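*Asks:* Below is the sequence, then the predicted model.
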Amino acid sequence: MGAFCDDDLAFSSNYNFGCSQDLRFSKHVHDNVHGNIYLDPIFLKFVDTEQFQRLRDLKQLGMAHMVYPGAVHSRFEHSLGVYWLAGEAVHRLKAQQGLELGIDRFDVQTVKLAGLLHDIGHGPFSHMFERDFLPKVLKGSEWSHEQMSTEMINHIVDEHHIDIDVDTVRRVNEMILASSKYSSAKSSREKHFLYDIVANGRNGIDVDKFDYIARDCRACGLGCNFQFQRLMENMRVMGDEICYRAKEYLTIHKLFATRADLYRTVYTHAKVKAIELMLVDALLSANGYLQIASHIQDPSQYWKLDDTIIKTIETAPNEELKESRDLILRIRRRDLYQFCNEYAVPKDKLENYKEVTAQDIVCSQKNGVTIREEDVVVNNVQIDLTRGRHNPLESIKFFKDYDSVEKFSISDDRISHLLPTYCQDMIVRVYSKKPELVGVISEAFENFQLKTYGIKAQVHATPEKKKKKRRAFEA
């Protein structure tokens, strides 16, 4: 992307942002979700760097395109979308309550920059790198892409000599970390409501979700019943907190319900997870030779790590990468780890739930073919409304109308008795790495359920046709 960039423009709290309202000095990008997005010269200083352009090579949904072919969109366009929505949100608040809240141009620009750069430190293959690969390589690691985003911002500023003051960088970094465990003390923040726009640690309603829900639904060809525009049009700051008109309660519920539905049908689709599990094994095997995990130690090296690591592995002739190459070849040829079965953990068992392991399944086998832990993969899938077992709507404040001075909470039973009374699912899935072991592992999985719960919690048995098909395949 080309850039109009005047080196005399500086990004600081004293900078006059008047020119940012003049579209003659902006670059426009046509986005398939939001239409025209305008980038001011100061933002292009960040966009036109190799570190930001790396986001083009990070698919937003990792390996989901292997099941949903349209899901090839990247973190690049998502970041532009969050930038645009962050600007729309803060501009709307400024237009309606600017004098009351003291929103200035500096506030507007820092919120937009946080939106633009919130995923600059994201790892490859969606969240698989962070949640499934790194914990197996670096035991006890607490690495997060949010923390890496702040390190990458500091690196970009230094590497490209961007004229931006320390206070601006600090504030942008705090906004990016606002919903993570690295968030600074809330009481020390001035204009706390600004920190809830990009990454809302207070109740989970933020423009990051607005963009990825709309974008992911579109890319996967799914309908989206949630309209983020309604929330943007019906929000107001009361007591340093973004509140929503009471009539939008169900719109907010749709936000969290649509997100949960995407997790169930797309992000944790059984085939998608099978592919991700194989890719994790491939990366683990290749890590000793390629030192993949070491990239997280240095931002100057980290930006070189993206989804193309797959192509690096499968085209390398090195014998040390043969096991990894073979796994990736299996993915290419659709010879995947075989899904055996799954069950949803009973509600009364969720509170004291302990993750199921391959050892649990192996220890539940009876007489017959012996299975080993390395033959079995267990995937513990948690799906919730962003707050575990708790309803996120309990943390949201509402107002009656724009003449109101009072904010209040709304309980579910005041709206509808059709809304769910529980806000979390835990699904246990078991896969066989070898097709010929599907039947044996499925039986052991059933035995485990009987031993643990006294019933078979799965909906139905593994189809006999699938077991026979696998035996025929092996023969």
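*Replies:* It's in. Predicted model, so just to flag it, every value in this text is computed and none were measured.

*Asks:* Next one, pLDDT for the spatially most central residue of the chain please.
*Replies:* When Cα atoms, centre = their mean is applied to the chain, the residue found nearest the centroid is His127 (6.1 Å). At His127, the predicted lDDT confidence score is 95.

*Asks:* ok, for Val82, nearest residue in space, not its chain neighbours?
*Replies:* Excluding its sequence neighbours, the residue lying closest to Val82 (Cβ to Cβ, 6 or more residues apart in numbering) is Gly115, at 4.2 Å. (C-beta placed from N, C-alpha, C; glycine too.)

*Asks:* one step back: ok, the residue nearest to the centre of the chain touching Leu61?
*Replies:* No - counting by Cβ atoms under 8 Å, His127 stays clear of Leu61, with 9.9 Å between them.

*Asks:* part of a helix, is Tyr343?
*Replies:* No - under DSSP: H, G, I helix; E, B strand; the rest coil, Tyr343 falls outside any helix and is assigned strand.

*Asks:* partner residues bridging it?
*Replies:* For Tyr343, the beta-bridge partners are Val428 (DSSP bridges).

*Asks:* before we move on, back to that, which ones are touching the residue nearest to the centre of the chain?
*Replies:* Neighbour list for His127: Gly62 [criterion: Cβ atoms under 8 Å, 6 or more residues apart in numbering].

*Asks:* do Ala282 as well
*Replies:* Ala282 is in contact with Ile310, Ile313, Glu323, Ser324, Leu327, Ile328, counting by Cβ under 8 Å, 6+ apart.

*Asks:* Can you get me a residue count around Ala219?
*Replies:* Residues lying near Ala219 (other Cβ atoms under 10 Å) number 24.

*Asks:* just to revisit the earlier point, quick one: the residue nearest to the centre of the chain from Tyr68, how far?
*Replies:* As judged by Cβ to Cβ, to the nearest Å, His127 and Tyr68 stand 17 Å apart.

*Asks:* and the stretch of helix or strand Ile42 belongs to, how far out from the chain's middle?
*Replies:* Using DSSP states H and E, Ile42 sits within helix 41-47. The chain centroid and the centroid of helix 41-47 are separated by 24 Å under Cα atoms, centre = their mean, to the nearest Å.

*Asks:* any idea of the mean pLDDT for it?
*Replies:* Mean pLDDT, helix 41-47: 95.

*Asks:* Which of the helices and strands in this structure ranks last by mean pLDDT?
*Replies:* Least confident helix or strand, the chain: helix 464-474 with a mean of 60, by mean pLDDT, DSSP states H and E.

*Asks:* Select only the buried ones of the contacts of Ala282 in PyMOL?
*Replies:* This is the PyMOL syntax for the buried subset of the contacts of Ala282, where burial follows 16 or more other Cβ atoms under 10 Å:
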select buried, resi 310+313+324+327+328
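
*Asks:* how about TSV for the contacts of Ala282, with pLDDT and secondary structure added?
*Replies:* Formatted as TSV, the contacts of Ala282 follow (pLDDT from 0 to 100; DSSP: H, G, I helix; E, B strand; the rest coil):
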residue	pLDDT	secondary structure
Ile310	97	helix
Ile313	98	helix
Glu323	98	helix
Ser324	98	helix
Leu327	98	helix
Ile328	98	helix
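
*Asks:* Which one of the contacts of Ala282 is nearest to Val72?
*Replies:* Nearest to Val72 among the contacts of Ala282: Ile310, at 14.0 Å, using Cβ to Cβ.

*Asks:* Could I get the full set of strands for the protein?
*Replies:* In the chain, the strands defined using DSSP state E lie at 27-31, 35-39, 235-238, 241-245, 338-344, 376-384, 398-399, 424-432.

*Asks:* Can you report phi and psi for the residue of the chain most remote from its centre?
*Replies:* Checked against the mean C-alpha position of the chain, the extreme residue using Cα atoms, centre = their mean is Asn367, at a distance of 42.7 Å. When read as degrees, to the nearest 10, the backbone of Asn367 gives phi -60, psi 150.
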